Structure formats: structure tokens, C-alpha cells
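K.L.:
give me a model of this one.
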Amino acid sequence: MKDRTILTKISPFGLLFSIYLVFCPFPLFSSPFEELASFSSIPNISPSTLSSGEILGSFDDKNSKGHAILIETCFIVPDKPQAVSTAFLHWDPSKHPSLKVMGHLENAFPNSFPFNSLVFDLKKSPVRKLLQEAFRAKPGKSALNLSTDEIKQLQATLSPLKGKMDEGSIEALHSFFTADLQAKLLNYSQSGLSNLPPYENGGSPIKPIEEISKMAKANPKIYARYQPLIDSLLSNWTSQQPPQNYYCNFFDANGMATLSLGSSYGFKTEQSWQQINCEFYVSSVYYNGMEIVEMWPIESGGKTVTLVWKAHMLAVPLGGLLEDVNRVAYGIALLQGTKNADQAFLSEFLHN
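P.N.:
Purely as a prediction, here's the structure:
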């Protein structure tokens, strides 16, 4: 981790979390598998169902409502939890071509983020699609998740280029996003979710803090278990304890080059390691994302390995007559995509 002392020093948040554990303790369970069964929607999690390297998963159709899509996965990693937790914190999905991540950046400090190193390659069709949508963007009508002021800045940047699909245009778009992402990251690092600009791309404004709050609370059992983490995130814990990592991904989402900004926080509890990753900005296709990860030590073949459970949540633009049908389609696609990412993560341990 960038700063391992975060897990050992007592911060205001750490004190809050400790008090919560004292006065609202989790029930005692005979094993992590029994503990998982108390809050997870994945059926039949056991050593036998996971011992062969299987990745179990489920689409939580019951609690996926409004814009929220909820997925859970579970698997075993052949290493100790501390190593697995560190690997999650610093995982680079761009190393795996099948995941279609064109660039990944991370830094412990928001004011020295290397956005300039992102490569906007006009030869790639998702990047061309991004440039096309940038040229089409208008206040109140845009495929990009930007505020009205940001769309006006984008128009001022691109209008002299008259829709040309060339290197000059892609460089201008790169400059726009470099500045815009840096401003968003600094804003988040200072004020948390509360002051992030809304997405004003048609219809009612979409506020990231509202989307993240709704999806984080959509499953009552998951919210109850991780309430200290979730509530602190929503109430701006950046003033109490900074993230251990900020990250940026540049990836192909449904044929569109998409940028996301996120933060990662990790904690060691008495029985497990926990991590929460929050995508507080996504440039297109969906609104926001969140991932909660918990890791327990278990014994297998005389060695300590790690039982991993993940809740993956997205806020997506659903609505209209086909809302329920589209939600199921999104859920099935997200479950498969999450399993693919988990398999890529797991492969890094299997090949060592």
C-alpha cells in the first residue's frame, strides 16, 4: 500500500469504526462461509464449491431498482489476505487485453496525477466514437456525463476544429479531459462527493452523491454490514482520513472510450480485511460505480489462503417501457464482466 500506517494509526474514522464494532458487534459465526451466508445473495458458498478455482456469482435482481444494478462474486485466492488486499488496492486491469482497458493510472496524491500520460489513439474505434460524441455535445443534450458549464467549455475547445476527425482534434479533446479530470479529482479530495458537478446531459440533473447513495443502500443486508464505511464515504470522510489510492481508468464501454475516476480505502478488522472502491466520476455509458470487497483468511491444504467476496454496483441510465428488461440484460452482462475481471485478477496469483 502507498501508506501502510493508515491501517495501524488511530484516526477519527478509525475511532468511529472501533466504537461501532464495540456497541454494534457482528454476530459470532463458526466460519467465514457461515458469515457470508448471513448477508450474501450468492447461494451455496462452501469450500467444496470454490475449491476448484470456481468463481461464484449472482445478479441481485431483487434489490436492483431505479438506476442501481447489484452483482456479487466470490472466489478463493491462493495467498494470504494482506497480500490480496494490497494487490486489489494497486491492481492494473490494463495488463489484461480481454478487459479492454486502454489505460490505468494511480497515485496516492490528487495534486500530482499524471493524466497527460493517457493515450488517446484515434486509430481505435472507441476513441473515435468519443471524439464524435464530444463534437455533438450540446447543453442539455449529450452522451457525455458533464455539467452545462463543462459542455460549454468543451464546445469552446472543439468548435474551431469544425468536426475534423484528426490528430489536432483528438489532442484538443485530450487537453480538455486532462484539465477536467484534474479539477474533479482535486474537488473530490477536498470536499468529497458533496460538491461534484451534476451530469446535465438531458432530463433532470444526475448528482453523483445521490446515485452512489442509492446504490450503496439498495441491498439492506449489505448496507447494514458496511454502514460505517458507506456512511463515512457519503458524509465526506476525506476530511478525516484520505484515500489510500486514487485511480483513473480509460476503457472501452459498449464501444465508447470512457474515463472514470475513483478512490480506494482499505481497513483491517479483527477477522478480515475490507476495501471500498468508489467511482465518483464516469464520463459516459453509466453514472457511477462502487465495489465493496471483504477478504478472510481460511485454511486449505495446510496453507492460509483468502476467501474473497465482492459486491459490484453500478448506477446506469435505465427508464421507459423496457426498464425491467434492460435491467436484467445489464445485470447479466455486468455479472459476466465482473467474473472476467475476477478471473484476470486471480490469474496473477495462479501464474506466480
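
K.L.:
just the element for the closest residue to residue 32 other than its chain neighbours, please.
P.N.:
Excluding the flanking residues, the one nearest residue 32 by Cβ to Cβ, 6 or more residues apart in numbering is residue 296, at 3.8 Å. Using the backbone N, CA and C atoms, a C-beta is placed for each residue, glycine as well. Element membership of residue 296, judged by DSSP states H and E, is strand 288-300.

K.L.:
using PDB, list the CA coordinates for that strand.
P.N.:
C-alpha atoms of strand 288-300 as PDB (Å, rounded to 0.1, in the frame of the first residue of the first chain):
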ATOM      1  CA  ASN A 288     -21.100   5.800 -11.100                       C
ATOM      2  CA  GLY A 289     -19.800   2.600  -9.600                       C
ATOM      3  CA  MET A 290     -18.900   1.100  -6.300                       C
ATOM      4  CA  GLU A 291     -17.200  -2.000  -5.200                       C
ATOM      5  CA  ILE A 292     -17.000  -3.500  -1.700                       C
ATOM      6  CA  VAL A 293     -14.500  -6.200  -1.100                       C
ATOM      7  CA  GLU A 294     -14.100  -8.400   2.000                       C
ATOM      8  CA  MET A 295     -11.300 -10.900   2.500                       C
ATOM      9  CA  TRP A 296     -11.000 -13.600   5.100                       C
ATOM     10  CA  PRO A 297      -8.100 -16.000   5.900                       C
ATOM     11  CA  ILE A 298      -9.000 -19.700   5.600                       C
ATOM     12  CA  GLU A 299      -7.000 -22.900   5.700                       C
ATOM     13  CA  SER A 300      -6.700 -25.000   2.600                       C
END
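
K.L.:
so which bits of it are buried?
P.N.:
Neighbour-count burial for strand 288-300 flags 288-298 (criterion: 16 or more other Cβ atoms under 10 Å).

K.L.:
what does stretch 271-289 give?
P.N.:
Judged by neighbour count (16+ other Cβ under 10 Å), stretch 271-289 contains these buried residues: 272-289.

K.L.:
which residues in the chain form strands?
P.N.:
In the chain, the strands defined using DSSP state E lie at 56-59, 68-77, 101-107, 245-253, 256-268, 273-282, 288-300, 303-315.

K.L.:
parallel or antiparallel, which strands does the last one pair with?
P.N.:
Each strand that strand 303-315 pairs with, and the sense of that pairing, follows from DSSP bridges: strand 68-77 (antiparallel), strand 288-300 (antiparallel).

K.L.:
for those, could you give me JSON lines that also reports mean pLDDT and distance to residue 94?
P.N.:
Formatted as JSON lines, those follow (pLDDT from 0 to 100; distance: least, Cβ to Cβ, whole Å):
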{"stretch": "strand 68-77", "mean pLDDT": "96", "distance to residue 94": "20"}
{"stretch": "strand 288-300", "mean pLDDT": "96", "distance to residue 94": "17"}
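
K.L.:
can you say which of those is nearest to residue 161?
P.N.:
With Cβ to Cβ as the measure, strand 288-300 is the member of these nearest residue 161 (30.3 Å).

K.L.:
could you check the angle strand 273-282 makes with the closest one?
P.N.:
Interaxial angle of strand 288-300 relative to strand 273-282 (axes from the mean of the first three to the mean of the last three Cα atoms, to 10 degrees): 160 degrees.

K.L.:
find the nearest non-adjacent residue to residue 122, please.
P.N.:
Nearest residue to residue 122 in three dimensions, chain neighbours excluded: residue 170, at 4.8 Å (Cβ to Cβ, 6+ apart).

K.L.:
report how many residues lie close to the one you found.
P.N.:
Close neighbours of residue 170, defined as other Cβ atoms under 10 Å, add up to 20.

K.L.:
just put the strands paired with strand 303-315 in a markdown table and tack on distance to residue 257.
P.N.:
Formatted as a markdown table, the strands paired with strand 303-315 follow (distance: least, Cβ to Cβ, whole Å):
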| stretch | distance to residue 257 |
| --- | --- |
| strand 68-77 | 21 |
| strand 288-300 | 17 |
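
K.L.:
and of those strands, who's closest to residue 159?
P.N.:
Of these, nearest to residue 159 by Cβ to Cβ is strand 288-300, at 29.3 Å.

K.L.:
now that closest one, how far from the chain's geometric center?
P.N.:
Strand 288-300 sits 14 Å away from the centroid of its parent chain (Cα atoms, centre = their mean, to the nearest Å).
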